[in-house]
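> here is a sequence together with a model predicted from it:
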Amino acid sequence: MAKPIHSMIRVADEARAVDFYSRAFGMKVATRLAFESFTLVYLKSDEDDFELELTINLDRTEPYTHGDAYGHIAFVVDDLDAEHARFEHEKLQPNPVKEFHRDGALLAKFFFVTDPDGYRIEVLQKHGRYR
């Protein structure tokens, strides 16, 4: 059976991206691999093995465009309202909390936040299929 191990995004500023993911999601640098023209930084939390790979192309001067194919990455939390308040306190500019219902039942409670490179991230309340 296949197991997802990481997802990769390209970022313009390593320190800014590491700071954001550390403050927002408690992710820490697990591995940093510097090469001549690029650097790979693998971030992970203490809670699981899944990693977010940041790719920093050293010769890149223009911001990346996400095109119309990128959607978002999602994180699940135990207390969404507390996390939303923490994000506001950290000045991470989270969008308002929303609820999504289907057939009269709560399907998802969530908010979005945007990282320094413009990637949208969904933060979901642990509930139902979101575990």
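Thanks, I have the structure now. Numbering: from 1, shown residues only.

> from here on, just use CA atoms for contacts and neighbour counts.
Fine.

> can you give the strand pairings for the strand ranked longest in the chain, parallel or anti for each?
With DSSP state E setting the assignment, residue counts place strand 105-114 as the longest strand in the chain. Using DSSP bridges, the strands paired with strand 105-114 in its sheet are strand 98-102 (antiparallel), strand 120-125 (antiparallel).

> quick one: which of the ones you listed is nearest Val29?
Proximity to Val29, assessed across those by C-alpha to C-alpha, is greatest for strand 120-125 (18.9 Å).

> can you list contacts of the closest one?
Outside strand 120-125, the residues within contact range by C-alpha atoms under 8 Å, 6 or more residues apart in numbering are 71-80, 108-115, 130.

> using CSV, list the CA coordinates for that strand.
Extracted as CSV, the C-alpha positions of strand 120-125 are listed here (Å, rounded to 0.1, in the frame of the first residue of the first chain):
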residue,chain,number,x,y,z
ARG,A,120,-3.7,29.0,0.5
ILE,A,121,-3.9,26.6,3.4
GLU,A,122,-7.1,25.2,4.9
VAL,A,123,-7.2,24.6,8.7
LEU,A,124,-10.0,22.2,9.6
GLN,A,125,-11.6,21.3,12.9
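
> in that strand, what's buried?
Residues Arg120, Ile121, Glu122, Val123, Leu124, Gln125 are the ones in strand 120-125 that count as buried (16 or more other C-alpha atoms under 10 Å).

> what separates the third one from Arg60, distance-wise?
In other words, Glu122. 27 Å (C-alpha to C-alpha, to the nearest Å).

> ok, now the last one?
Separation of Gln125 from Arg60 (C-alpha to C-alpha) stands at 36 Å.

> hmm, back to that, any chance of the buried residues of strand 120-125 in a markdown table, plus distance to Lys3 and pLDDT?
As requested, the buried residues of strand 120-125 are exported to a markdown table (distance: C-alpha to C-alpha, whole Å; pLDDT from 0 to 100):
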| residue | distance to Lys3 | pLDDT |
| --- | --- | --- |
| Arg120 | 24 | 94 |
| Ile121 | 21 | 96 |
| Glu122 | 21 | 96 |
| Val123 | 22 | 96 |
| Leu124 | 22 | 96 |
| Gln125 | 23 | 96 |
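
> looking at those residues, which one is closest to His6?
Taking C-alpha to C-alpha as the measure, Ile121 is the one of these closest to His6, at 15.4 Å.
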